Every structure is written in C-alpha cells, then in structure tokens.
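Asks: One predicted model, sequence on top.
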Amino acid sequence: LMSEVEKRSKNNLISKMKYNLLLLSLLLTFCLIFCDEEAKTPEAEPETNEETEEANEEEPEEPEIDLKNPNIITLDNSNFTEFIEKNKPIVVLFYAPWCGHCQAFAPEYSKLADKLVEEKSTLKVAKIDAIANEDTGKAQKIMGFPTIRFFYENTTFDYNHGDRTIEAILKYYNKKVNGG
C-alpha cells in the first residue's frame, strides 16, 4: 500500500502535468489562430550579394493584397513612402499583431475597405505592421495601437475621436476633408 504522502505526491505530479498540457495546448491554439501564415512555412535563405542589395534598395517591393480582404493593401518599409505619395487619399492602419484593440478592430476595418470599394470611393485602405516595420513606425511617430492615419493631399491626420466604427471614421474623414 502506498503511503498518504506518496499518494499526494503522485496526485500533485499528475495535476501539474495536466496543467502544463493545458497551457501547451492553449499556446498551440493561439499560434495557429494568430501567427502569420509565413511563419508556418520555412523560407529559403535569401541570396546576399551587393547587386541584389542595391536592386532592393532602388526598387520598392509591390504592396501586398491582404489575403483575408483584397480591398486592403499591405504595406511595408520598402514601399510605404512611395505608395502613399502616389495613392492619396489613403487611410492606413498602423497595428501591432499582439495588440488586442487592433485584433478587435480588424473586422470593422475590413468592412470599411469593402464599403469604400462598393461606393467607388477615391479613399484607399491600407495597413502596416508597425512592429515588423519599425522604421516606418518610428518615421511616422506611431505612439500607440491601433493608429488610424489619413493621408490627404498635403496633410495627414489621425482618427482618435471616439468609436472605431465605419460611420464614425467616415464622418470624421469627411468633416476634416470638407472643412465641416
């Protein structure tokens, strides 16, 4: 017969193992849901030589289309400035992948993009991961997430005035642009 101490020790060990298994499954679930698709596939080592580095510096990469919503353009450090200059008016969501407010806002931002395309608006919709693209985040002086910034003609302005809804954002934009 096992002593009472041995039984408690065994039960305690089993409880710890169950707890650790639960944490591990939660972590794996989180990664499957929120991790970037690119992180799941191994990448080949990029070629490094002076010619390819110079070519990369001269030509910015084409912006990506958001696979979840093709009406949202995904920008990065290499194409941000040139794309903004050539595509005004544009609204850009500066986000951090770990930011709960950004994750909660993402579906509404997607609906905003769809609405603007449906209405044939000239206002384009883009996003940039300000963590992965730290240089752009710093250059734009992004201090918090999410930051919703409009680039219109020769001015920029942030939306930080209340609800993060399509109606509120568009009302703010139209007020700023039309001088209301």
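Replies: Arrived safely, thanks for sending.
Asks: contacts, neighbours, all on C-alpha from now
Replies: OK.
Asks: which residues in this structure form helices?
Replies: 4-34, 37-40, 50-58, 80-86, 100-118, 134-139, 166-178 (DSSP state H).
Asks: By mean pLDDT, show me the worst of these.
Replies: Within the helices of the chain, the stretch with the lowest mean pLDDT is helix 37-40, showing a mean of 41.
Asks: Next one: Ser121 relative to Ala113, how far apart?
Replies: 10 Å (CA to CA, to the nearest Å).
Asks: Which one's more surrounded, the two?
Replies: Each of Ser121 and Ala113 has its neighbours counted (other CA atoms under 10 Å); Ala113 has more, 23 against 11.
Asks: Pretty sure the more buried one sits against Asn71.
Replies: Yes. Using CA atoms under 8 Å, Ala113 is in contact with Asn71, at 5.6 Å.
Asks: list the residues that contact both of the two?
Replies: Val125 (CA atoms under 8 Å, 6 or more residues apart in numbering).
Asks: contacting residues around Leu75?
Replies: Taking CA under 8 Å, 6+ apart, one finds 63-64, 126-129 in contact with Leu75.
Asks: closest to Arg8 among these?
Replies: Arg8 has its nearest neighbour among those in Asp129, at 49.4 Å by CA to CA.
Asks: surely that closest one meets Asp76?
Replies: Yes. Using CA under 8 Å, Asp129 is in contact with Asp76, at 7.4 Å.
Asks: quick one, which of these two is more surrounded?
Replies: A count of neighbours by other CA under 10 Å puts Asp76 above the other of Asp129 and Asp76, at 23 against 19.
Asks: OK, contacts around that one?
Replies: So Asp76 contacts 63, 128-129, 133, 136 (CA under 8 Å, 6+ apart).
Asks: Go ahead and confirm Trp133 touches Phe80.
Replies: Trp isn't right for residue 133; it's Asn. No. Between Asn133 and Phe80 there is no contact, the gap being 9.7 Å when judged by CA under 8 Å.
Asks: When those two are compared, which one has more neighbours?
Replies: Higher neighbour count among Asn133 and Phe80: Phe80, with 20 against 17, using other CA under 10 Å.
Asks: how near is the spatially closest residue to that one that is not a sequence neighbour to Phe94?
Replies: Using CA to CA, 6 or more residues apart in numbering and skipping the chain neighbours, the partner closest in space to Phe80 is Thr136 (7.5 Å). According to CA to CA, Thr136 and Phe94 sit 10 Å apart.
Asks: shared neighbours of the two, anything?
Replies: Common neighbours of Thr136 and Phe94, using CA under 8 Å, 6+ apart, are Ala130.
Asks: Look at these two and report which has more neighbours.
Replies: A count of neighbours by other CA under 10 Å puts Phe94 above the other of Thr136 and Phe94, at 25 against 22.
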